[in-house]
Each structure stands twice: as structure tokens, then as C-alpha cells.
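1. dropping the sequence and predicted coords here.
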Amino acid sequence: MASLDSNTPFITAVDPRGLVVRAIRYNRRQESLPAEICLSRSGYDRIGRRVAEWSPGRSGIDDRPQLTLTYSLFGAVLRRHNADKGAGTSLYAATGVAVLMWDERRTVTSITYDSQSRPVAWHEQMLDEDSGRCLERRRYSGPEGADSNHCGRIRRHEDPAGVLEWTERSIDDQPRVETRRFLSTLTPPDWPEAESDGDALLEDEEYVTRWTYDAVGSPILQVDAAGHRRANSFGMGGNLSAVRLTWANGGEHLLLDGLEYDAQGRITAQKAGNGVITSTTFDPASGRLLDFVTKRADGHVVQAMSYGYDPAGNVASINDTTLPVRYWRNRRSGGMNSFRYDTLYQLVEATGQESAGAGILPTLPPYQPIGDDTVLTPYIQAYTYDANGNLACMQHTGTNSYTNEIRVAPHSNRAIPWTPGDPDPDFEGAFDGSGNPKRLQPGGSTLCWNGRNQLRRVVSVSRTAAPDDDEVYVYDGSGKRLRKVCTRLTENTAQISETRYLPGLQLRTSSHRSEILEVVSATMGRITITGLHWKAGRPQGIEDLQLRYTFADHLGSAVVELDGDAALISAEHYYPYGSTAWRSARSAIEADYRTVRYSGEERDGTGLYYYGSRYYVPWLGRWLNPDPAGEIDGLNLFAMVGNSPIRYADETGMQMTPIQLLRQNYSTNVKPFIVERAEADRDRATGRLVEEWGVSEPEATRHLESIVSAVRGAPFSINVNATRLLQFSGSHIQNAFESGTRRTESYLARRQIRDELLVRIDTAGESFRKVFALNTPSGETNIDFDPRSHPIHGAIQLHSPSTREGAVPESMRRDYGLSALFIDDNVVNYMTFTPDDSMNLYWESGADSGDAGMAEFQSRLANFANPYPLVRYATPDQLKHYRMLAEGSPVDRPLNPYVEWQAHTEIPLTGGIKTIAVHPAEASSAPKRWFGQSFHTRMTNFAKKHGSELVWL
């Protein structure tokens, strides 16, 4: 590994404003090969806004940029052009809301708002349409909705699938009763203004779903549209403890219980309703998954997978010990899978097992008989990527050896499967203006897209005098698929099957089998439980009200499926990029009722996987069309999970979690910025001590290192009120955006700007920007905003650590709290520091007045590698404290102002809090008896539950 990674640094070049203008990565695929240079460039306007980016494969001076941005006078993005997705243009009203948009396909969308700037109607006109249509309308409740918690809320949403109505909400705005009605046709609607006229477009049947919540808002009961009831039980800590299902006809089943959690809130054991127990082990040092084992009640192991990692955390091996070792053509075959990566952590080689009929194809391999593992043979797959992260070539060596190649367009990441000897691809003709492909394969099924760039129809056989063979998809207003209708012409008869998706329920019908099937499903941890209830057309050999228990791997891929008696129904394993390597079943008919496969997603009859936001092409290892969220995971809008499909899974088609993005931004954007000026900050801090204390430079240097040592060894605290802490039901410490304790728009706006400086948002990646922004450029709430992407704040206790009282000065403790939490050491690696409360520093540095003030604010950011700004910019009072620390004198009172820390990661209550120090005075504000327990007992149980030391001050 050392020779592979040698001489492969990550280098950034910044302009005088601190903006990254060049980034160089060195990528080596094998130890024997030279490293490839991957150079990316960024361009900015005069006020530091990003206006262009060149991806590594297109960084020549004369090359076209991958991304260009044009801004309005008030800073909103008027035009965004990504070479993958084409151009999108937006116009805004004086209030800042977007009112008119059009894309490269010349689809025009207009949004109408009411007097409160709430969107009420979406009109759309595509290029080939003579007139536009109203695709959506929202209708809001007035004062009459007070009794059902609906004042000012949406009560009726007319969308492309039909109508969704809410008749009752909980006090915290969760739906208690919702009703879905579908359109009577598959044609996109044109919603009239009158509500009663809109009802004429709908089917008569209503699908009603109901929820009941406990006092903290957790759903304890769901009654789906078919009348089936799912009841959840929760433990004292708010974790799920059991799930029960009651069929509409009265039969009750325990689906899951015996859930056990570790200190990080991860499930370590769970017992399915069929008696099967799954146990999971994590590495206590790294937190990585080591293994999980699934056993029947009699102790028979049905799933056992262990994981090995390289030093960077990439999965290096997966061993399924339930598969016996066999030999084929002098090669060992068994449950061991191995993986190798390049220096950018892209997967470059994988080994595993496959069946003879498997291949990287849109079709699935045939089923094997259960227990017949003699037909499994070893394979090796090697992957080659271009400089922009496109999987350009996959070489397969096994029973059937072959090579899959794609050709990538010269100025974008649009790509087409290609075989040597084929003519050069026609990229202009193969894609529309927004980057949507027109065919699934060259010469294959036709793809039709709606005005929102969602796949609407796949035509596998086109006919002029008879119905086509096709699949049609219908989505709701949020983009979620609600209907799938498949038509196949057999013996001059159109056979139609349909799936309708409702909360916790699928309704499947099939005309040629006269089948009506209700599918109930629930996922908890690595277990998905599916119940099948036939109202008509049940096939022979499958019992009605059948329960199926599917056990997944670390990516959520469905691997083993058991029935209610824990007997094996089917098993399936996958190639790294998602095609099926082999599958077995006791009955093909029974196994075909499972549609969820790779990554826990649904596989359609087209061979595509539906991920909720777009479709994935497993035989190409890339997304079908560009990311609807834009550059959320980089400039390549087709790449799948950074070409690391064994380590990462994509639940929606938009990849990394907000916490991962926050940490990544710290490591690649914030930390390098602070560290690169460490030497200069140290020299200035030393000079400050020489000047202020009148000591020699060597003495100042020794004093400075004593101060730095004290900072690095000091406790990191948060002052809190212990009574409010006991009322908290979350799993982690929340910032102001998440907790909602400070809801005023002016405060949140100021905090947003201050946090933008802390995370250096101007130089952050697009994926992080997407979840970090509270508002869109038009002023609306950003639907992708996640409050966890903002740092958590506390203070460093630099006075007598034995006091355990926290670092906030006494005059401020009544506001913050007399008690204190002390942060565990595993969190501090993602921290920045400032020599004052960062909000005060924001005002004092003039960060609200322009670029100079912002730069001044960011120059005061420190961390463990460069703590010197804390001394360089210390106040006179702080310098007095620092001298006492340097000379070893006792410091008996907190610094004022205190030194603030900002955590660029999540701080879990379990595993993140080392000590809870409780001030007895706060017991007086607690109820005398709290749920039957005293304050002292409740506090003791709280600390015990989260594995924290409890100290009474």
C-alpha cells in the first residue's frame, strides 16, 4: 500500500482571497504504474463567487468548462450550465421567489404564488405541446383548520399522480390522516382552478392511511389503506424495540423484537418473528462493521459475513462463511470476495463467485436449486476509469470472459456502450438537451421523459396497429413514483400489470392472472419483512398471508430470504456494481414475488433499479440520467457513489449523508486552510508574547508551547440546564437550526452567515453546499437543507479542570446552564476554535460589512494543528490567564471571553459525552416526581443509558 500511495499528494492552489483556483490529485492504479495527474480548475468573479469549473479531463486552457454560473444583481443563480445536464435558467420576482424556469429541452415551467408568497400552481409546457398544462395545485387551510392543526398548512395537493389530502395533523405537524386518490388515466393532468372540477379527473376509490404518535412524536401505529395495522414499541431511550402486524382480517404476528443497541445507537442484535436472530459486531476502535451472523432458533447459521478493511477504511474483503470452499480449473472458489482500490479509492479490481449463466446484462441469471453450490465458479473483474470518474471499461474473467466498454462524449460525461469495431457514437442524437438518453441500449428500448426529466415510459416493442410493449411510470409532486403500469402483448391480448405505491403498502394487480395482491413491508436494521395477501388470483404453492424475512448485507442488498418457519426461500449475491452474480430459489414462481434486490432498491422489468430520484443502470455502473440535485456529489452527474460501490450505498440517487459531508468539508477545505498558515500564526503569537510580556523570544516560545499544551489537554464542555437535558429525546446534540429553540428569522439568518464563514462555504464542494444552505437564492426554504450540516458549539475549559463546571463565565451560566457536558476525545478531531464567541467575533471583525471583514474572521480560526490564533488574537484578560497557564499558576476562574470550539461532526449523546456534571441547584426546577422517579434517579439513569460518567457538583 505504501508504494501505491507514494508521491500521490493532494495539492491546492489559492488566490490572494483564499479561494481555491487549482486542485491536483495524483492517481495510481497499480504499484508498477506511474501516477496520473488529475487537475481541476475553478474560476471566480470579482466578488469571489464561483462562475466556472473545469473537471480533471477538461482542464486545458482552451477547453470548455464543465460548469458555468451566471448571477443576478442580488446574487441568485440566473443560469446554470452543466455539460452533463445542459442549461437551466430561472427568473425571479421582486420578492426573490422563482417564477419562470426553462431548460435545454425548452420545457417552460411557471410558478404562481399567493399573497403570502406560498406556491399555489405549477404550469408546464414542453416543446412538442401546443399549449401548457397545470401540473400541480396546492390548496391551504385557513382559520377553519385550527381544530385539526391545519392553519396555514397544505390541506390538498393536486399533483401529476392525482390528489393527496390531509384532514388531520399532529401538534408537531405530522400527518395523522391522509387520503390519496389517483387520476383515472395515465395522461398528465391539467388541473382546473375549481376544486370540484378537479375531482372529475379522479378515480372514485380513496386510499386512506392513518397514524398514531406517542408524546414525543414517534409513530406507534400505522393503519394502511388496506386496513392492515403495524404497531411499533419503543424503549426508554426512544429506540425501536418491537414491531407487530395485524392483518385486516384479524391475524396478528410479531415481526421483530429483541433489538439491542450499542453506545452509538447501532443495532447489535435483533430477533425476527420467525425466531431468527441476527447479531452484529463493530470494531470498538474504528466503529467499522466486523461481522454479522444470522441464525435460526436451532443454531443453524443461514448468513455469516465478515469484513476486512484497508487503512483508509475501504472494504478490502468480505467472507461469506456459509459458502463451502471449492476448486474450479485450479482456482479456489468459496465465500471470500476481495477488493482493490486506486489512490483515489476507486474500486479497480474485485473477485468473487458467479453462476455459469450470469453476466453484466440487463437480464437476471437463471435460478439455481437451493444448496447446489457446485455451479458457482470464481471470477475477477477489473475496472478502468477516465480522469472524470467515468467507468470506461470493465474486464470480466470467469466462466465466460468478456469486456464491457463505454465511449464518453468529448465535452461532457454522457456515455454510450461501445464495442471495438462499432462506428463512433452519435452523442448529439443519443441524448436530449438535458442529458437524458433516448434509448436504454444502442438500438434497444425507447426512453420517454416528462417535463421534469423523470423517466415516464420505456417502450421495448413499438407497434403501429397494436398496443406497444412498455412500462409507464407516474410520480407525485415530490418526485416519488406512485404507479408502475406494464403492458405486454401476448397472442393479440394486452396483458396489463400495475403496482401502486402507498405508505407502507403496495397494491399489485395483473390482468392475465386475475390477480389482486396487497404487499405490506417494513424495514428495521438489516431485516426487511414483507407480507403478501392475495385478494384474488393467488398462485398455487404459495400460502396467503405469507410473511417473508429478507436479510441484507452492509449495503442493504437483499441476500437471504426466509419464510415464517425460517426455511430458505431464495438467496442472491451481486457483482460490485449491482448486477446479479448468482441466485438460487426453492421455487422460481415464489421467488419472483421479490422485487427488491441490490442496495435494497426495486428492480424493474427493464433491468433498471429505481432509487427514488432517478434510475440506476447496473450493467454500466452509472446512473441513467444526470443527478436531479445538480453537483451535489461532484461535477460528474452520472457517476455512482464515487466509484466505490462496496463502501458506499446511495439511498436516493444523491449519495453522502450530511454528517459525512460536514466531516469531509472539514478535512479537505477547513483544516488545510488553517494548517497552511500555522507557521505564520506561531511567529505572530510568539511576537505578541514578546511585546506584551516583555520576555525574550526563547522564553516566549516556551510559554507559547505551554499554552498550546494546556489547550490540547483541556476539557471541551457545553454548559446546559440538566432539567432540559432530561427532556431531550434525540440521539445527538442539536444546533439551533435543528432544535428550533431560536426560530426568529433574523437570528437564523445571522447564524447562517456566521456558519458559512466557519465552514468556508465559498470553497466547499457542491454536495456540501446543497445540504448546508438554509434558503435557495430565491429566498425559499431549501428542500435539501439538513441542519446537521452546521457545526455544534461549546467552550474550552482552560481554568481548573477539577471544577467540572464548564467554561462559560459565571455571569452567563444562568442563560446557558449551571451543569456541563464534557465531550469525548473521539469528537475533537473535527473541531475548530475561535478566541471568542464566534457570533461576537463575527460582529467585531466586521464580517457583515464585506470581504475584508470575512477574511479577518476566518484568520482567527484555529484547530489542534494550529492553535496559535488563540494567543495571537487574545484579549488582555485572556493573556493574563495564558500567563498563569504558562507559569504553572492555578487559574480559578473561566476566561472571559471564553474560547469557543465548533464541532464539524455529530456529537452523539451515547459515545460522544464523556462526563455529565450536574449542579444540584437545577434540581429545584424539576418536578418533584418525574414519571414516578426523582430528579436524582432520572439523572442517574440518563447517564447510565448513554454510558457517561455522572458527577454531582
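-> Perfect, I can see it now.

2. which residue ranges of the stretch 401-550 of the chain form strands?
-> Taking DSSP state E, counting those that start in this stretch as the criterion, the stretch 401-550 of the chain carries its strands at 402-408, 415-418, 446-449, 455-461, 469-475, 481-490, 493-502, 505-510, 515-524, 527-536, 546-552.

3. what residues of the fourth one count as buried?
-> Burial within strand 455-461, assessed by neighbour count using 16 or more other C-beta atoms under 10 Å, is assigned to 455-460. (C-beta placed from N, C-alpha, C; glycine too.)

4. quick one, it and strand 469-475 angle?
-> Here strand 455-461 runs at an angle of 170 degrees relative to strand 469-475 (axes from the mean of the first three to the mean of the last three C-alpha atoms, to 10 degrees).

5. when you give positions from now on, start the count at 47
-> Sure thing, new numbering starts at 47, so read that last one as strand 501-507.

6. pop the domain breakdown of the protein in here.
-> What automatic domain parsing lists as the domains of the chain is 253-701, 705-998.

7. tell me, which of those is the model least confident about?
-> Lowest mean pLDDT of the domains of the chain: domain 705-998, a mean of 82.

8. show me how far that domain is from its chain's centre.
-> Mean-position distance between domain 705-998 and its chain equals 26 Å (C-alpha atoms, centre = their mean, to the nearest Å).

9. can you give me the buried ones in stretch 476-490?
-> 477-478, 480-483, 485-486.

10. kindly report the same for stretch 622-642.
-> 622-632, 636-637, 639-642.

11. so which of those sit within strands?
-> 626-631 (DSSP state E).

12. check contacts around the residue lying closest to R649 once chain neighbours are set aside.
-> Leaving aside its chain neighbours, R649 sits nearest to R643 (4.9 Å; criterion: C-beta to C-beta, 6 or more residues apart in numbering). Contacts for R643 were tallied using C-beta atoms under 8 Å, 6 or more residues apart in numbering; they are 603-604, 618, 620, 626, 649, 655.

13. hang on, the earlier thing: among the domains of the chain, which is nearest R185?
-> domain 253-701 (12.5 Å; C-beta to C-beta).

14. centre of the chain to that closest one, how far?
-> 17 Å.

15. ok, stretch 239-258 next?
-> 32 Å.

16. distance from the centroid: which residue in this structure tops it?
-> Taking C-alpha atoms, centre = their mean, the residue of the chain most remote from its mean C-alpha position is G740, at 54.0 Å.

17. report the two of the contacts of R643 separated the most.
-> That would be E618 and Y655, which, of these, are the farthest apart (C-beta to C-beta) at 13.6 Å.

18. that older thread, of the ones in strands among the buried residues of stretch 622-642, which is the nearest to F879?
-> A627 (49.7 Å).

19. so what's that closest one closest to, chain neighbours aside?
-> With C-beta to C-beta, 6+ apart, the residue lying closest to A627 is E400, at 4.3 Å.

20. give me every residue that touches that neighbour.
-> 422-425, 444-445, 621, 627-628.

21. repeat that for P463.
-> 450-452, 487-488, 666.

22. for V716, same thing?
-> Here V716 is in contact with 804-806, 878, 907, 950 (C-beta under 8 Å, 6+ apart).
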